[in-house]
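**Student:** This is the structure alone, sequence omitted:
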């Protein structure tokens, strides 16, 4: 089956530093990857949509200069949280849509727990 | 606007049947998904409905009525491991990527 990995699974960083989260599709190529954020006891909120080789599309209210997204290949997208603050502490989840197959398919990674101190 | 409503919490008994409802109002519609999410883990796919009617898959069934903006997830023969959050998500037709819009999720507690 389609597998999506995220690295790291957990990260703790100091306020003001930057953190990079990787999302990889391990056994399929993904033309589109999505980045979500989930606060405790809340649902997933879409942050941005990234397509391989083009600029990401950010949802309203998400700062593109703070959450840098790079989708450099068909198997890798990265999210960099720049100048992190405690309010950025959250569970970040990516998902990937296969380049082939049913258009509704979307596979989620295991998530990255970010804690900013 | 876009709005997806689900009950916040539900409780059911092991071996019983539970129905989790979802109503939606979105600018576009291109399918409805149900996901299961255990605490601290990523969502896992349960079902997808794009046409009206019932889709059955083992102990799980999902129903959709597009005219009513309504779906439900039916879980039969409940097991303790079914205790999780159940997320209803609508695929918005807007734009080229058909993004998913998630409801707030329903936290289901299965009791012995």
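**Tutor:** Received the coordinates, thanks. Here the structure is a predicted model, which means the values were calculated and not measured.
**Student:** contacts, neighbours, all on C-alpha from now
**Tutor:** Noted.
**Student:** Do me a favour and get the backbone dihedrals for the residue nearest the centre of chain A.
**Tutor:** Taking Cα atoms, centre = their mean, the centroid of chain A lies closest to residue A:35, which sits 3.5 Å from it. Main-chain torsions, residue A:35, degrees, to the nearest 10: phi -120, psi 130.
**Student:** Report how many residues lie close to the nearest residue to it once chain neighbours are set aside.
**Tutor:** For residue A:35, ignoring the flanking residues on the chain, the nearest one in space by Cα to Cα, 6 or more residues apart in numbering or on different chains is residue A:94 at 4.5 Å. Neighbourhood size, residue A:94 [other Cα atoms under 10 Å in any protein chain shown]: 31.
**Student:** residue contacts, residue A:94?
**Tutor:** By Cα atoms under 8 Å, 6 or more residues apart in numbering or on different chains, residue A:94 lies in contact with A:6, A:23, A:33, A:34, A:35, A:36, A:108, A:109, A:111.
**Student:** same thing with residue B:74?
**Tutor:** B:17, B:18, B:19, B:20, B:60, B:61, B:62.
**Student:** Output those residues in CSV; the columns should cover neighbour count.
**Tutor:** Converted to CSV, these look like this (neighbours: other Cα atoms under 10 Å in any protein chain shown):
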residue, neighbour count
B:17, 14
B:18, 19
B:19, 15
B:20, 21
B:60, 17
B:61, 18
B:62, 24
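**Student:** Residue B:100: which of those residues is nearest?
**Tutor:** Set against residue B:100, the nearest of the contacts of residue B:74 by Cα to Cα is residue B:62 (17.4 Å).
**Student:** so how far is residue B:80 from that closest one?
**Tutor:** To residue B:80, residue B:62 is 20 Å away according to Cα to Cα, to the nearest Å.
**Student:** And residue A:75, by the same measure?
**Tutor:** Separation of residue A:75 from residue B:80 (Cα to Cα): 36 Å.
**Student:** likewise residue B:2?
**Tutor:** Between residue B:2 and residue B:80 the distance is 33 Å, computed by Cα to Cα.
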